[in-house]
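Enquirer: Okay, here's the prediction I keep looking at, along with the sequence it came from:
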Amino acid sequence: MPEPSAPTEVHHLRGTADRPALLTIREIIEEMEPLATARLDDYLDPTVLEVTFDDGLCEADTARLDIQWTTRGEYKFHYTDSAEVNVRWGRHPHGGDYIHVPGLEHYHPPPDASSDPDDVQRSCITQTPEALVTRAVCKLWRVAYHEGSYAPLNAGENPP
């Protein structure tokens, strides 16, 4: 019998979706961001929290933030908008491929949220509780929104 092969993709979240964490994140976003509407893809067995914005950053008219959070405390906040700009904040193993990232927390910058090892940066968000991470992402988004620039998205102090 052949041995199972090792997974080739190490850039993924481990563990099942953490429903209580996603519910906490939804409450914080609804409290902090008047332009956002948040909903779980499946209320009883969610895999992602989908946040839609009535406006986007810079030239975008609309935007979406897809949030995944696992029972292992790993996460991905993926911003995408109508101007086809993508950004990601994440905390999960990356197999050491992100050469500028010493830990698990990392940031995939705009415009395409590149996974090129030379592009991925250390995230300014190094806290791990879902409430702090969510508040940091909301604050960074709001500062970038008011400044009309993507630059503030990874320029905060921890926690931003």
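Expert: Thanks, I have the structure now. Residues are numbered from 1 along each chain as shown.
Enquirer: Going by C-alpha atoms from here, please, whenever you check contacts or count neighbours.
Expert: OK.
Enquirer: any idea which element Lys76 lies in?
Expert: According to DSSP states H and E, Lys76 maps onto strand 75-81.
Enquirer: Residues contacting the following helix or strand past that strand, please?
Expert: Using DSSP H and E, the helix or strand that follows strand 75-81 in sequence is strand 86-91. With contact meaning Cα atoms under 8 Å, 6 or more residues apart in numbering, strand 86-91 is reached by 74-80, 104-113, 123.
Enquirer: make it 6 Å
Expert: Contact with strand 86-91 is made by 74-80, 104-113, as judged by Cα atoms under 6 Å, 6 or more residues apart in numbering.
Enquirer: and if you look at stretch 15-31?
Expert: Contact with stretch 15-31 is made by Ala38, Thr47, Trp69, Thr70, Thr71, Arg72, as judged by Cα under 6 Å, 6+ apart.
Enquirer: in the protein, which spans are strands?
Expert: Secondary structure of the chain (DSSP state E): strands located at 36-40, 49-53, 63-69, 75-81, 86-91, 105-108, 121-122.
Enquirer: Is it possible to get CSV of those that adds mean pLDDT and distance to Lys139?
Expert: Converted to CSV, the strands of the chain look like this (pLDDT from 0 to 100; distance: least, Cα to Cα, whole Å):
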stretch, mean pLDDT, distance to Lys139
strand 36-40, 97, 13
strand 49-53, 98, 14
strand 63-69, 98, 14
strand 75-81, 98, 13
strand 86-91, 98, 13
strand 105-108, 96, 15
strand 121-122, 96, 18
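Enquirer: out of these, deepest packed?
Expert: Mean neighbour count (mean count of other Cα atoms under 10 Å) peaks for strand 105-108 among the strands of the chain, with a mean of 24.
Enquirer: That strand pairs with which strands, parallel or anti?
Expert: strand 86-91 (antiparallel), strand 121-122 (antiparallel) (DSSP bridges).
Enquirer: Pull the distance from the first one to the chain's centre.
Expert: Right, strand 86-91. On the basis of Cα atoms, centre = their mean, to the nearest Å, strand 86-91 sits 4 Å off its chain's mean C-alpha point.
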